[in-house]
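In: okay, sequence plus prediction incoming.
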Amino acid sequence: MAHRSKRMKQIDEIADRSKIYKLDEAVDLLKKCPAVKFDQSLNMSLVVGVDVKKSDQQVRGTVSLPNGTGKTLKVVVIAKGDKAKEALDAGADFAGADELLEKIKGGWTDFDVLVSTPDMMRELGKLGKVLGPRGLMPTPKAGTVTADVAKAVKEAKAGKIEFKVDKTGSVNNAVGKISFKTEQLVENMNALLQAISRAKPASSKGVFLRSMYLSTTMGPGLKIDMQSLAL
């Protein structure tokens, strides 16, 4: 029998993983779990009713979390001249064209969000092998290919996130830090759930929001009562 750490034993005393919880109950329990040395993210994993092999059943979009993510995102903008200056004035960490493209080509991906003006996408498209696997390639749907770079930078810094279904039919996102108030986390999750509901493909049949789990970075996964969601 594997040795269970003292922390895991304490978690088992607090949270019953066989139970189904309401959102706020689950958040409160995860908050009571023994702390670690950093402010953990609260992660939401939602199984949706789609066939991910079908191109018309992809689920993706963006949403601005009302209380932000609690994470300071590093935003890079690929743009020339005045647009690069606009991006920096709006709070971008880096903005420019050829020099940054060369840096990314060399494997630099030490950033969270990449924004591009439409005229630079041809050059950026050549870097798909570097950016694609890390989910960093800008897209018009995510609002990261745009002439309004200042708006894109401000939204990213304020807590706008992208969601998309993965190969297993799940949508996984961090919805804030465990240090947030319970109400703030529930508000963030409801905003994300509503955005995912709106992104339901027309060809998806039956129940769309199937099952959901909440967990912290180093904590247990708790199952959520789907009937209790405010949708």
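Out: Structure received. Residues are numbered from 1 along each chain as shown.

In: partner residues bridging the residue most central in space within the chain?
Out: Geometric centre of the chain, nearest residue: Asn173, 4.0 Å, by CA atoms, centre = their mean. Under DSSP bridges, the beta-bridge partners of Asn173 are Met44.

In: kindly report the same for the one 4 residues further on.
Out: Lys177 forms beta bridges with Ser41, as assigned by DSSP bridges.

In: for it, list the residues it contacts.
Out: By CB atoms under 8 Å, 6 or more residues apart in numbering, Lys177 lies in contact with 39-42, 69-71. For every residue, glycine as well, the C-beta is placed using N, CA and C.

In: how close does it sit to Asn188?
Out: 10 Å (CB to CB, to the nearest Å).

In: just to revisit the earlier point, from the contacts of Lys177, pick the one nearest Ser211.
Out: Closest approach between the contacts of Lys177 and Ser211, by CB to CB: Leu42, at 17.4 Å.

In: count the residues that sit near that closest one.
Out: Residues lying near Leu42 (other CB atoms under 10 Å) number 26.

In: go on, Asp166?
Out: 11.

In: list the residues that contact it.
Out: 52, 172.

In: confidence score at it?
Out: At Asp166, the pLDDT value in this model is 92.

In: give me phi/psi at it?
Out: phi -100, psi -170 (degrees, to the nearest 10).
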